[in-house]
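S.K.: quick one: sequence and predicted model below, then my questions.
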Amino acid sequence: MDKKEILKEFSSDPDRYYNVKLFQEQGFVRKSCDKCGRFFWTLDADRTLCPDDGLDTYSFIGEPPTSKRFDYTQAWRQVEEFFVKNNHKSVSRYPVVCRWRDDLFFTIASVVDFQRVMGSKVVFEFPANPLVVPQTCLRFKDLENVGVTGRHFSSFCMIGQHSIPEGKGYWKDECVDLDYRLLTDQFGIKKEEVVFVEDVWAGGGSFGPSLEYFVRGLELGNAVFTEFQGELGQHTTLDQRVIDMGAGLERFAWITMGTPTAYDCCFGPINRKLFDTIGINSDSEILKKYFTEIAKEIDHHDDLNEVRRLAVKNAGITDDQLNKMITPLEGVYLIADHLRTLVFAITDGALPSNVGGGYNLRMMLRRINATISRLNLKLDIDDLIDTHVDYLKETYPELDEKREDVKEILKLESQRYEDSKVHMKKKADRIREKGTPSVDELITLYESDGITPEYLKEVNAISEVPSSFYSKLSDLHQSEKKKAITELPLEHLPETDTLFYKDDPMEFDAKVIKVFDDYVVLDRTSFYARGGGQEPDHGTIAGFNVINVDKHAHIIVHQLEGGVPKEGETVQCKVDSIRRSNITKNHTSTHIINASSRRVLGSWIWQHSAFKDDDHARLDITHHSSLSNEQVKQIEDAANKMVKQNLTVNIDYFDRGTAEQTYGFRIYQGGVVPVKSVRIVSIEDKDVEACGGTHVKQTGDIELIKITKTKRIQDGVVRLEFVSGPTAFQYVKKQEIESKLKEQEDAARVELEKRREENKQKAREQIPILLEKIIAGKSGEMDGITVKNKLCFTASESYDEYFHLNFGKKLVAKDDSTAFCGIFEAGPTVRVMVYAGQQSGVNAGTIAKEISGILGGSGGGDTKFAQGGGKDTSKMEQAIAKAKSMILGE
Ligand SMILES: [Zn+2]
Ligand SMILES: [Zn+2]
């Protein structure tokens with residue numbers, strides 16, 4: 001829908017869409033901006049320009065429009081006090097990792113907290129009406145602006161004021177009245193300073209008018225009245241009208257403090273700490289001038305680098321001031337901002353990685369690291385994390401509990417970054433030679449090698465980070481979290497009665513509703529359909545084998561093999577109960593291993609995905625490193641402890657809102673639940689998950705869980721493969737047999753080694769005696785060696801390679817009229833080894849070649865030493881006879 005069209009329509013009838021009671025009571029006048037034509041409401045009859053074009057833009061810097069001063073946490077206390085006083089419930093923030101929506105990685109606005117997607121529709125579920133929430137929101141689109149513009153953050157607190165007109169809620173008049181009084185009464189801003197601008201909001205099939213409110217050109221909030229659905233002109237009023245007022249808490253603090261940037265009053269003591277480290281003074285006049293210029297220019301240019309150049313020029317900043325003050329200051333703000341975002345994200349269970357939302361987190365940490373090394377700062381990240389958490393914990397006590405986890409993850413990630421620097425440097429050198437890469441090439445560099453443009457800038461491989469880089473990267477990863485649905489001819493079929501959620505009979509009768517190809521739909525079924533990583537049941541329908549079962553919306557489709565029944569028939573159905581029982585044990589085991597992993601490894605463990613079949617199962621968890629054998633054992637032990645405790649597995653249905661409020665968002669281990677009534681599977685207080693699978697009644701039913709293998713399958717995800725129940729016992733038995741076999745093999749190997757050692761020892765004693773006799777000219781049989789005129793041959797089984805090598809070598813070394821030929825078995829081959837002294841008249845090479853040929857192999861060497869052999873053991877006799885005659889001349 002075209003927003004401009006809607007705005008034109010709404011602004012043509014302001015009394016209906018915008019003229020609230022407050023405007024009449026206070027005497028606001030409606031004006032059209034001389035410059036852009038937009039309509040706005042003001043008490044100042046002389047005002048001719050809208051806030052965006054006004055001359056007072058950002059004049060609050062250094063000169064705030066109120067005598068009250070509130071920093072970030074104080075500002076929230078003011079907001080909360082005001083709304084609670086006015087009958088709102090103050091609700092705790094929701095996680096920044098948006099577990100309840102499958103189209104978003106992160107919470108991007110306060111209203112998202114209360115939206116639940118059902119099919120193609122968005123419904124609202126408010127825990128109270130009206131309410132106010134300090135919702136931390138993450139946005140990565142403007143990352144290059146963070147630290148530079150004075151007002152962009154990668155995470156910020158959206159003050160969410162929400163109301164539905166039914167019940168105790170209210171609509172436009174009261175909303176605008178409250179927002180106005182919040183500014184004037186609570187924050188002490190002069191009435192004439194507040195300007196409301198007419199605007200509209202449209203998205204997700206609905207739309208409505210909105211009033212943005214500004215003070216001195218700074219947009220503080222936007223009250224959206226979501227009222228209509230459909231196409232403009234044919235639109236209808238929504239059943240559930242919603243007020244979605246979102247305001248930036250950071251800006252509320254900023255307007256009262258009038259600091260050069262919003263960062264100066266929103267990060268708490270961390271700024272001071274950072275300023276002291278690099279020795280800059282942020283209060284100077286020059287900064288006020290510079291950041292006011294930035295604010296004025298930013299909305300009029302697309303390229304941030306251009307904005308920066310203009311501000312430098314207009315504020316009269318010298319190169320020296322730029323390098324010694326502005327650049328380090330931007331770095332400090334970036335570090336404080338990014339670190340704050342990471343604290344929230346990791347506390348809520350996200351991990352930096354190469355996939356999905358983890359991309360943005362890794363990117364931010366790398367930007368921090370690159371900034372630290374570019375500015376050559378000596379910073380203690382742990383200390384900075386503590387400073388953030390200590391400042392924020394009053395508003396967000398949950399941050400306090402996870403601070404050590406945050407430190408651990410960031411330390412590990414920073415180490416990885418350090419480790420990859422050698423590789424990155426090589427790449428950077430190549431880029432410097434090739435010339436400036438395109439934005440797409442930069443994205444590839446980041447995605448495949450983890451090289452950030454900041455790093456390339458740091459090492460002078462590129463001169464500037466292109467301003468579209470972050471928005472492009474963010475777009476790429478936003479759309480990743482989507483699914484595809486297959487179409488089947490199932491229109492107008494009734495919902496299948498799911499018996500597996502009721503008495504769960506293993507044998508039942510059912511009526512055939514529809515048959516197409518080899519697919520059958522019944523009126524009711526106990527066959528569990530594939531879902532939540534649980535594999536489907538098998539069995540028979542009307543005697544035909546069921547090989548697959550899938551769920552399409554509320555209809556269960558069975559795939560048969562060998563034939564299908566007729567539509568309208570009543571058929572007998574039988575579920576393979578052994579298969580089902582095994583799958584069920586594996587499913588409950590998945591929950592147990594998930595809980596055990598979390599206990600052993602840390603709070604960041606979430607189920608990434610899971611798969612449960614009858615003879616094996618796997619659970620993929622979010623974890624930063626491979627698991628050690630010790631950790632695997634600890635997880636397995638913890639899991640089997642839960643089995644031994646024979647804990648009760650409870651299944652209850654809750655209203656979704658109640659389930660979330662009672663158990664938190666940890667219930668969404670298996671992803672989003674698109675129904676109003678949530679099936680909660682709890683293993684006493686050890687594990688609580690929203691889950692549609694089949695489960696055992698007591699954990700003792702599982703008997704045994706064995707983890708068979710673990711592997712880091714991708715960055716940030718570790719796979720645990722496991723078996724349970726009868727399969728676990730089979731596995732243990734197989735392990736025992738295998739280990740016994742291995743024991744026997746080991747024993748045989750030891751025995752062989754021992755014999756070899758004995759032979760060696762024997763040879764060491766035997767060889768000198770033999771040598772002495774042979775060199776003395778003795779002939780005949782000696783210890784299995786035939787000797788004739790100092791020429792020797794043996795094929796005795798009692799000699800191994802060691803003997804042949806040592807004997808032959810020493811013999812010819814002592815007397816060059818001697819020669820030696822030995823034939824022996826070594827594994828599957830028969831080998832021949834020949835040594836010939838210079839005066840012996842024997843050619844070693846010729847013999848080795850000839851004998852190897854007989855044995856079906858080849859030989860090589862020279863006249864003095866040669867060897868070879870072959871695998872044809874049947875020719876051994878022939879080879880021995882030939883060798884003997886060749887060396888002894890017989
Ligand atoms: Zn204007
Ligand atoms: Zn489950």
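M.R.: Alright, I've got the coordinates. Ligands and ions are numbered 1, 2, ... in the order given.
S.K.: hang on, isn't Tyr391 packed against Asn271?
M.R.: No. In this structure, Tyr391 is not within contact of Asn271 by C-beta atoms under 8 Å, at 10.4 Å. Bear in mind the C-beta positions are built from the backbone N, C-alpha and C, glycine included.
S.K.: all strands of the stretch 601-750 of the chain, in order?
M.R.: Assigned by DSSP state E, counting those that start in this stretch, the stretch 601-750 of the chain shows strands spanning 607-612, 617-622, 649-655, 677-683, 687-690, 705-714, 717-724.
S.K.: same list (those) but as TSV, adding mean pLDDT, mean neighbour count and distance to ligand 1.
M.R.: Below are the strands of the stretch 601-750 of the chain laid out as TSV (pLDDT from 0 to 100; neighbours: other C-beta atoms under 10 Å; distance: least, C-beta to the ion, whole Å):
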stretch	mean pLDDT	mean neighbour count	distance to ligand 1
strand 607-612	92	20	48
strand 617-622	95	24	47
strand 649-655	94	14	47
strand 677-683	93	19	48
strand 687-690	94	24	48
strand 705-714	92	17	49
strand 717-724	95	23	49
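S.K.: would CSV of the ones you listed with distance to ligand 2 be doable?
M.R.: CSV is the format used below for the strands of the stretch 601-750 of the chain (distance: least, C-beta to the ion, whole Å):
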stretch, distance to ligand 2
strand 607-612, 7
strand 617-622, 10
strand 649-655, 11
strand 677-683, 6
strand 687-690, 6
strand 705-714, 15
strand 717-724, 14
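S.K.: and stretch 581-590, is it in reach of ligand 2?
M.R.: No. On the criterion C-beta under 5 Å from the ion, stretch 581-590 is out of touch with ligand 2, staying 5.7 Å away.
S.K.: JSON lines for the strands of the stretch 601-750 of the chain, including distance to Arg38?
M.R.: What follows is the strands of the stretch 601-750 of the chain, written out as JSON lines (distance: least, C-beta to C-beta, whole Å):
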{"stretch": "strand 607-612", "distance to Arg38": "47"}
{"stretch": "strand 617-622", "distance to Arg38": "46"}
{"stretch": "strand 649-655", "distance to Arg38": "43"}
{"stretch": "strand 677-683", "distance to Arg38": "45"}
{"stretch": "strand 687-690", "distance to Arg38": "46"}
{"stretch": "strand 705-714", "distance to Arg38": "48"}
{"stretch": "strand 717-724", "distance to Arg38": "48"}
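S.K.: quick one: closest of these to Lys85.
M.R.: strand 649-655 (29.6 Å; C-beta to C-beta).
S.K.: output the contacting helices and strands for that closest one.
M.R.: When contacts are defined as 3 or more C-beta pairs under 8 Å, 6 or more residues apart in numbering; DSSP states H and E, strand 649-655 sits against strand 677-683.
S.K.: show residues contacting the strand it packs on.
M.R.: By C-beta atoms under 8 Å, 6 or more residues apart in numbering, the residues outside strand 677-683 that reach it are 501, 588, 591-592, 595, 642, 647-656, 659, 663, 667, 688-693, 695, 699.
S.K.: equivalent analysis for stretch 366-375, please.
M.R.: Against stretch 366-375 from outside (C-beta under 8 Å, 6+ apart): 143, 278, 327-328, 331, 334-335, 338-339, 377, 379, 414, 417-418, 450, 452, 454-455, 457-458.
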